[in-house]
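how would this look folded up:
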Amino acid sequence: MKKPIIIGLTGSIGMGKSAVASMFADAGVPVFDADATVHDLQKASGALVPAIESAFPGTTGPDGVDRKALGAAVFGDRDRLALLESIIHPAVAERRKAFLASHQDADMILFDIPLLFEKGGQSGVDIVVVVSAPALVQRQRVLQRVHMTPDKFEHILAHQMDDADKRARADHVIDTGKDINETRADVHALVKMLRAGLA
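I've put the predicted structure just below:
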């Protein structure tokens, strides 16, 4: 039986990755969303809440993990961040494995992974798609978010690979700096091209 092609979708903050992932879903590609999985694992009665509370006391409550408190607990501290990742990443990997197993009949599957290159995840996918937009567009989008500040934005950027480097490593780049319908047409054209290659 033929295995599905694994597409890794990535891009820096504010580049429109979630919008592009939903366009792939609209084109009939099953999408595994790493961020959504983390939210699920950290919600009220989420599987990781006890382990996170144990490692970072006071960062959880009746609604699960308090993301603001947890963010403050690891902000700027590499060791504490590494400890948090050692709790989260294996759990996400298990969910991804289960997702893959349940979609073995699909011709392709998309893994939406924000830090694909930063965490060496590209070795686990067949094709890398990077979403990209001009820096000014990215900045405007991110600074419109609730609780986002210019300092916080710069801190996040400092921990992500440069957009130009991501584009250089990509198999395909989706430009989200133009009209959304053009971007959607690009995604559908890419899916069509990949499917044609499978035929």
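
can you give me the helices in this structure?
Taking DSSP state H to define them, one finds helices in the chain at 17-26, 34-42, 49-55, 67-74, 78-102, 135-143, 150-158, 163-169, 180-198.

you'd agree residue 92 is up against residue 35?
No. Taking contacts as CB atoms under 8 Å, residue 92 lies outside contact range of residue 35: 9.5 Å. C-beta coordinates here come from the backbone N, C-alpha and C atoms, glycine included.

For those two, indicate the residue with more neighbours.
Higher neighbour count among residue 92 and residue 35: residue 92, with 19 against 14, using other CB atoms under 10 Å.

Now do the same contact list for residue 122.
Applying CB atoms under 8 Å, 6 or more residues apart in numbering to residue 122 gives the contacts 8, 116, 128, 169.

Tell me how many other residues crowd the closest residue to residue 92 other than its chain neighbours.
Nearest non-adjacent residue to residue 92, counting by CB to CB, 6 or more residues apart in numbering: residue 37, 5.3 Å away. Residue 37: 19 surrounding residues under other CB under 10 Å.

what sits against residue 37?
Neighbouring residues of residue 37 by CB under 8 Å, 6+ apart: 92, 95-96.

same question, residue 27
187-188, 191.

try 6 Å
Residues in contact with residue 27, defined by CB atoms under 6 Å, 6 or more residues apart in numbering, are 188, 191.

Lowest pLDDT pick from the contacts of residue 122?
Within the contacts of residue 122, pLDDT reaches its minimum at residue 116, with 89.

Count the residues that sit near that residue.
Residues near residue 116, counting by other CB under 10 Å: 26.

what's the distance between it and residue 8?
Going from residue 116 to residue 8 by CB to CB, to the nearest Å gives 5 Å.

again, but for residue 21
11 Å.

Also residue 158?
Distance from residue 158 to residue 8, by CB to CB: 23 Å.

neighbour-wise, which of the two wins?
Neighbour comparison, residue 158 and residue 8: the larger count goes to residue 8, with 22 against 7 (by other CB under 10 Å).

doesn't residue 110 make contact with that one?
No. Counting by CB atoms under 6 Å, residue 8 stays clear of residue 110, with 8.0 Å between them.

hmm, back to that, possible to save the helices of the chain as CSV with distance to residue 122?
Converted to CSV, these look like this (distance: least, CB to CB, whole Å):
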stretch, distance to residue 122
helix 17-26, 15
helix 34-42, 14
helix 49-55, 27
helix 67-74, 25
helix 78-102, 14
helix 135-143, 21
helix 150-158, 20
helix 163-169, 7
helix 180-198, 17
